[in-house]
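K.L.:
dropping a prediction and its sequence here:
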Amino acid sequence: MNTYVRTNTKNKIMRTLYITLLLSLIGLQCISAQEKAKAFGIKFKGFVNYEMTYDSRQVVAARDGNVLLYPSPANEDPNGQDLNAVSQFNAFAITTRLQGVISGPDALGAKTTGMISGDFFGTANDKIGLFRLRQAFVKLSWEKSDLLIGKAWHPLFVTEVFPKVLSFGAGIPIYPLSRAPQLAYTLKGKQLSMTLALSAQQDFAALGPNGRSPSYLMNTGLPEINTRLVYKRDRLLMGAAAGFWKLKPRLETATGYQTKETVNGWLLNSFAKLSLKNTTIRGGYLYGSNMSQFFMFGGYGVSEVEEPTQTEHYSPTTASSLWADLDFRKGAVSIGVFGGYTQNHGADHEMAGTVYAMGANIDNYLRVAPRIAYTSGKVRIGLEAIYHIAAYGTPDEKYQVEDPNNVDALRVHTSVVYSF
């Protein structure tokens with residue numbers, strides 16, 4: 001009897017130990033699963049943006065006037081009255097944005113992050129108010145390198161140094177604006193980083209015989225090739241970015257013959273930023289050729305036509321720009337001013353046919369835009385005045401603009417932004 005009791009007691013103890021161990025293992029698995037679940041997720045953020053604009057005259061702009069380019073040229077009626085000397089007003093909420101920041105478990109020995117971002121800007125004037133994809137990418141980060149795959153800011157749009165204007169557009173046509181599908185690899189050093197990227201065109205596409213279209217780059221069978229070098233030390237950041245691409249405007253001539261003619265384009269973007277206690281100074285110089293996909297001056301034109309096939313040969317036009325931005329912040333108030341100048345330089349060859357270029361009849365363009373903003377909690381109220389001058393003239397054979405006449409205008413831009 002005693003032996004039976006002792007055996008039974010021992011068995012109960014063993015069963016208890018087994019059950020305890022089993023429950024512990026199950027608990028550990030649950031904790032591990034919870035940790036893995038916590039390692040993956042998406043956090044939504046963004047803002048509601050209401051904007052109002054007043055222009056002292058008609059302007060060349062996109063999205064019903066939301067994206068300002070330059071003043072419209074003088075256009076006189078039979079009585080000599082300028083038809084474009086008429087003011088205009090509009091209001092928008094189309095830049096309202098929703099963004100999902102994604103975090104996930106490590107992969108391939110790298111930390112993984114991602115983002116999906118969109119707004120209601122549309123991809124054309126007839127699509128205003130429709131939700132569009134701004135960015136969608138995954139980023140793998142190792143100790144000394146990053147790999148970005150997806151749609152993001154174009155490698156030649158330097159996110160560390162660009163004009164901090166309140167109005168939408170980041171200073172175009174003086175500074176390039178573009179987001180693009182890309183594959184970008186970055187080597188990271190203590191103070192120096194270098195990026196090499198292959199990119200395509202999508203929403204921001206080059207001009208050509210069929211208007212703006214990504215097909216001109218697609219039909220070359222080649223991506224844009226871009227590189228960027230950034231140096232950071234203490235409060236100073238400086239660097240340069242360069243890109244090269246080819247466009248094939250046509251697959252066949254007007255008489256039905258196959259054509260393989262292409263035209264090159266390139267851009268050099270040099271930049272710097274100095275961060276002081278309450279003040280940040282940014283600036284840069286850009287020079288390039290055939291840059292219409294960035295909504296900057298330039299493009300290309302038909303420089304020669306072969307008979308009888310009517311095969312077209314092309315020559316690009318070049319342009320340069322210089323800009324600076326001063327931003328002062330004290331408490332809830334920020335005050336800043338953006339100033340920029342861009343110059344058309346024409347082409348190396350005389351044009352013999354159609355020219356596909358932005359601002360082709362403008363010799364130079366100047367913009368000065370002071371701003372002030374007040375932030376309370378998640379609400380920012382901003383006011384920006386944009387004074388700009390376009391020097392319109394007549395392009396010569398090489399599309400260098402002669403006899404320019406200045407046309408100026410003032411835009412008053414107000415915005416109320418609620419961030420979440």
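P.N.:
Okay, I see it.
K.L.:
distance of the residue nearest in space to the middle of the chain from residue 184?
P.N.:
With distances taken as C-alpha atoms, centre = their mean, residue 178 lies nearest the centre of the chain, 3.3 Å away. Here residue 178 is placed at a distance of 13 Å from residue 184 (C-beta to C-beta, to the nearest Å). Where you see a C-beta, it was placed from the backbone N, CA and C, and this is true even at glycine.
K.L.:
mean confidence for stretch 147-159?
P.N.:
For stretch 147-159, the mean pLDDT works out to 97.
K.L.:
buried ones in it?
P.N.:
For stretch 147-159, the neighbour count (16 or more other C-beta atoms under 10 Å) marks 148-158 as buried.
K.L.:
now the stretch 201-350 of the chain, which segments are flagged as low pLDDT?
P.N.:
Of all residues in the stretch 201-350 of the chain, none has pLDDT under 70.
K.L.:
show me the contacts for residue 254.
P.N.:
Applying C-beta atoms under 8 Å, 6 or more residues apart in numbering, we find residue 254 in contact with residue 310.
K.L.:
I'd assumed it was in a strand, is it?
P.N.:
No: secondary structure of residue 254 (DSSP: H, G, I helix; E, B strand; the rest coil): coil, not part of a strand.
K.L.:
quick one: residue 415 and residue 41, what's the gap?
P.N.:
31 Å.
K.L.:
what do you get for residue 178?
P.N.:
Separation of residue 178 from residue 41 (C-beta to C-beta) stands at 30 Å.
K.L.:
in the stretch 201-350 of the chain, what residue spans correspond to helices?
P.N.:
Secondary structure of the stretch 201-350 of the chain, counting by DSSP state H, counting those that start in this stretch: helices at 215-218.
K.L.:
among the buried residues of stretch 147-159, which one sits closest to residue 201?
P.N.:
Ranked by distance to residue 201 (C-beta to C-beta), those are led by residue 154 at 9.4 Å.
K.L.:
wait, doesn't the closest one sit right on residue 181?
P.N.:
No: checked against C-beta atoms under 8 Å, the pair residue 154 and residue 181 is beyond contact range at 9.9 Å.
K.L.:
coming back round to it: for residue 415 and residue 41, indicate the residue with more neighbours.
P.N.:
Neighbour count, other C-beta atoms under 10 Å: between residue 415 and residue 41, residue 415 has more, with 21 against 11.
K.L.:
who does the more buried one bridge with?
P.N.:
For residue 415, the beta-bridge partners are residue 51, residue 382 (DSSP bridges).
K.L.:
any residues touching stretch 74-90, and which ones?
P.N.:
Residues outside stretch 74-90 that contact it (C-beta under 8 Å, 6+ apart): 52-59, 64-66, 71-73, 392, 405, 407.
K.L.:
go again with 10 Å.
P.N.:
51-61, 63-66, 71-73, 392, 405, 407, 409-412 (C-beta atoms under 10 Å, 6 or more residues apart in numbering).
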